[in-house]
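Asker: Have a look at this prediction, sequence included:
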Amino acid sequence: MIHRTATGPRKRRGYRSRASWAGLFACAGLLACDSPAEPARDDLATEVRILAATRGFESLPNPRPVRNDLVTLGRALAFDKILSGNRNIACMTCHLPEMATGDARTLSIGEGGTGLGSQRSHPEGIFIPRNSPAVFNLPGAAQLFWDGRVEEMSDGSIRTPARDQLTPEMEDVFEFGAVSAQGLIPVTSREEMRGQPGDNDLADLDDDDFRGIWGLLMERLGDVPEYVRLFERAYPGTPFDSMSFAHASNAIAGFYAVEFVFNNTPWDWFLRGDNDALSDSALAGAKDFMTIGCANCHKRSSFAGDFHNAALPQFGPGKTVGREDFGREEVTNLPGDRRRFMARPLRNVELTAPYGHLGQFATLETFVAHYNDAASQLRAYDIAEHVPDRLLWPTLLDNVEAILANQDPVLFTLRFNEETHANLVAFLRALTDASARDLSHTIPDRVPSGLPIDRMND
């Protein structure tokens, strides 16, 4: 068995797997006996590799290089509250490095809130309608946000809520596909970053005036000489006055592409040929993941997928009428997409609790358990058991049957026992890159605006 360290693998002295010891005891007293445990484990490893190859799971490659000046600009913008209407919240306030690029909250609290992480609150009890997703391993993602409202289309164009206000000239700036457009959207949301009418110049613009909001943000940034220098270094030969907010959003994507891409997990070691990289339980869980239905939704090497109704309860403010959230349907206008949400990437999932588009489950164990007869789990859901914020308890909707009316068929027959549950959790934990556990180095010491940076230890 190989034990991984920061510098590489080393042999564990005196270690034998449980199966290996069992084989020895079974052979006690015999003159010659070959333990079947190791060959059986090797056979399972071979089977898992075949399953992985068949389903397109590969070790993630190293990220492509990104010029340092672009990353420096993107880092500053991501942490600078200058991008919010009232200059009181940054992109990374809800994507804290100390919280694995989330905020450890069931539902995030945006503009007007105080505190950070689970201690953040809002004087009027206002919540963002959905959980804040991690920003791990985004390069190559064609769809972003829980409903995929930013996505790369088949012709290579980028679709966003801004529609034709995102011009071809702006798209020409993008170097990371749809990920380059992600930063365009939260700055336009009143609840997330912009504020309410009368609060500030950004908030006084109409909700659908995307170009006006982006233009005012560039004016703000242009009033800071250091930002002008950073932009022009990041985009050599382009004067700041000819840039748009697409240049800012693209820089944030470049920062994400360098700092939050991870491919050094036990699963990656296994796929690269190390049979001992996975524990016995994780190896069994890998097979279970690919054979009982999990891989039908979480696909590709990032374990991201498309959109599914996973029979999850609805609470919070919602995004549609009556505190409902119809998910993907709000983007496509297709009734069949009602209550479908993105199957999130699973790399580093161990670190990104709570889980679900509303943070419906506080632990990885309870989230995995939900998929064991999901319909029954939904009917038995007790919000007080899973959600620590009491303000959300009264908002749970009594709409179970409406949710199940469009439940994803892949869940109809998904059942598993306690051993499989434990193995699946062990496998998901094997998707953790140890270097993702401490991301404090990604936080800058200061930002050009001079505004304070949100840090958990301040």
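Answerer: Thanks, I have the structure now.
Asker: CA only for contacts and neighbour counts going forward, please
Answerer: Will do.
Asker: Which other helices and strands does the strand or helix carrying A53 contact?
Answerer: Per DSSP states H and E: A53 is located in helix 37-54. When contacts are defined as 3 or more CA pairs under 8 Å, 6 or more residues apart in numbering; DSSP states H and E, helix 37-54 packs onto helix 18-26, helix 280-291.
Asker: what's the spacing between it and its chain's center?
Answerer: 29 Å (CA atoms, centre = their mean, to the nearest Å).
Asker: Output that helix as PDB, nothing but the C-alphas.
Answerer: Output of helix 37-54 as PDB, limited to C-alpha atoms (Å, rounded to 0.1, in the frame of the first residue of the first chain):
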ATOM      1  CA  ALA A  37      -6.900 -10.900  -1.700                       C
ATOM      2  CA  GLU A  38      -4.400  -9.000  -3.700                       C
ATOM      3  CA  PRO A  39      -5.200 -10.600  -7.000                       C
ATOM      4  CA  ALA A  40      -8.900 -10.000  -6.300                       C
ATOM      5  CA  ARG A  41      -8.100  -6.300  -5.600                       C
ATOM      6  CA  ASP A  42      -6.000  -6.000  -8.700                       C
ATOM      7  CA  ASP A  43      -8.900  -7.500 -10.700                       C
ATOM      8  CA  LEU A  44     -11.300  -4.900  -9.200                       C
ATOM      9  CA  ALA A  45      -8.800  -2.100 -10.000                       C
ATOM     10  CA  THR A  46      -8.700  -3.300 -13.600                       C
ATOM     11  CA  GLU A  47     -12.500  -3.400 -13.800                       C
ATOM     12  CA  VAL A  48     -12.700   0.100 -12.400                       C
ATOM     13  CA  ARG A  49     -10.200   1.400 -14.900                       C
ATOM     14  CA  ILE A  50     -12.200  -0.200 -17.800                       C
ATOM     15  CA  LEU A  51     -15.400   1.300 -16.400                       C
ATOM     16  CA  ALA A  52     -13.700   4.700 -16.100                       C
ATOM     17  CA  ALA A  53     -12.400   4.600 -19.700                       C
ATOM     18  CA  THR A  54     -15.800   3.500 -21.000                       C
END
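Asker: what mean pLDDT does that helix have?
Answerer: For helix 37-54, the mean per-residue pLDDT is 91.
Asker: Tell me what angle it forms with helix 280-291.
Answerer: 30 degrees (axes from the mean of the first three to the mean of the last three CA atoms, to 10 degrees).
Asker: following helix 37-54, which helix or strand shows up next?
Answerer: Sequence-wise, the next helix or strand downstream of helix 37-54 (DSSP H and E) is helix 68-79.
Asker: Quick check: which helices or strands does that next one pack against?
Answerer: Contacts defined by 3+ CA pairs under 8 Å, 6+ apart place helix 68-79 against helix 225-234, helix 245-259.
Asker: Give the pairing partners of whichever helix or strand comes after that helix; include direction for each.
Answerer: Downstream of helix 68-79, the first helix or strand assigned by DSSP H and E is strand 143-144. Taking DSSP bridges as the criterion, strand 143-144 forms sheet pairs with strand 150-152 (antiparallel).
Asker: What lies in contact with the partner strand?
Answerer: 142-144, 158-161, 177-178, 181-182 (CA atoms under 8 Å, 6 or more residues apart in numbering).
Asker: Parallel or antiparallel, list what pairs with whatever helix or strand comes next after it.
Answerer: For strand 150-152, the following helix or strand on the C-terminal side (DSSP H and E) is strand 158-159. If you go by DSSP bridges, strand 158-159 pairs up with strand 150-152 (antiparallel).
Asker: how far out from the middle of the chain is the partner strand?
Answerer: So, by CA atoms, centre = their mean, the centroid of strand 150-152 is 16 Å from its chain's centroid.
Asker: pLDDT on it, on average?
Answerer: Averaged over strand 150-152, pLDDT sits at 97.
Asker: For it, which residues meet the burial criterion?
Answerer: Of the residues in strand 150-152, those buried under the neighbour-count criterion (16 or more other CA atoms under 10 Å) are 150-152.
Asker: Pretty sure I158 sits against E171.
Answerer: Yes: between I158 and E171 there is a contact at 7.3 Å, judged by CA atoms under 8 Å.
Asker: which of the two has more neighbours?
Answerer: I158 (24 against 19; other CA atoms under 10 Å).
Asker: distance of the nearest residue to that one once chain neighbours are set aside from A142?
Answerer: Of all residues not flanking I158 in the chain, E152 sits nearest, at 4.5 Å (CA to CA, 6 or more residues apart in numbering). Per CA to CA, to the nearest Å, E152 is found 5 Å from A142.
Asker: what's the answer for A277, then?
Answerer: Distance, A277 to A142, using CA to CA: 30 Å.
Asker: more neighbours, these two?
Answerer: Using other CA under 10 Å as the criterion, A277 and A142 rank with A277 on top: 23 against 19.
Asker: What helix or strand is that one located in?
Answerer: Going by DSSP H and E, A277 is not in any helix or strand.
Asker: Touching, it and W269? I think so.
Answerer: Yes: contact criterion CA under 8 Å: A277 and W269 qualify, at 6.0 Å.
Asker: re the thing from before, the residue nearest to I158 and D306, how far apart?
Answerer: Computed as CA to CA, the E152 to D306 distance reads 13 Å.
Asker: For the closest residue to R429 other than its chain neighbours, give me the pLDDT.
Answerer: Spatial nearest neighbour of R429, excluding adjacent residues (CA to CA, 6+ apart): E350 at 5.5 Å. At E350, the model reports a pLDDT of 98.
Asker: isn't E350 right up against A426?
Answerer: No: if you go by CA under 8 Å, E350 and A426 don't touch, sitting 9.7 Å apart.
Asker: Pull the distance from stretch 364-373 to the chain's centre.
Answerer: On CA atoms, centre = their mean, the centre of stretch 364-373 falls 18 Å from the chain's centre.
Asker: buried set for that stretch?
Answerer: Of all the residues in stretch 364-373, those buried under the rule 16+ other CA under 10 Å are 364, 367-373.
Asker: Can you pull out the residues in contact with that stretch?
Answerer: Counting by CA under 8 Å, 6+ apart, 310, 350, 353-356, 361, 377-378, 411-416, 421, 424-425 sit against stretch 364-373.
Asker: Ends of stretch 102-120, what's the gap?
Answerer: Terminal residues of stretch 102-120 are spaced 13 Å apart (CA to CA).
Asker: same deal with stretch 443-456?
Answerer: 11 Å.
Asker: swap in stretch 118-127?
Answerer: Its first and final residues considered, stretch 118-127 spans 13 Å by CA to CA.
Asker: Could you give the separation of that stretch from the chain centroid?
Answerer: On CA atoms, centre = their mean, the centre of stretch 118-127 falls 22 Å from the chain's centre.
Asker: all numbers from here: first residue = 293
Answerer: Right, with 293 as the first residue, what we last looked at is stretch 410-419.
Asker: how about that stretch: buried residues?
Answerer: Here stretch 410-419 shows 410, 412-413, 418-419 as buried, counting by 16+ other CA under 10 Å.
Asker: Please apply the same query to stretch 482-489.
Answerer: Here stretch 482-489 shows 482-488 as buried, counting by 16+ other CA under 10 Å.
Asker: list the contacts for the most centrally placed residue in the chain?
Answerer: Central residue of the chain (CA atoms, centre = their mean): A426, 3.2 Å from the mean position. When contacts are counted by CA under 8 Å, 6+ apart, A426 touches 387, 392-394, 644.
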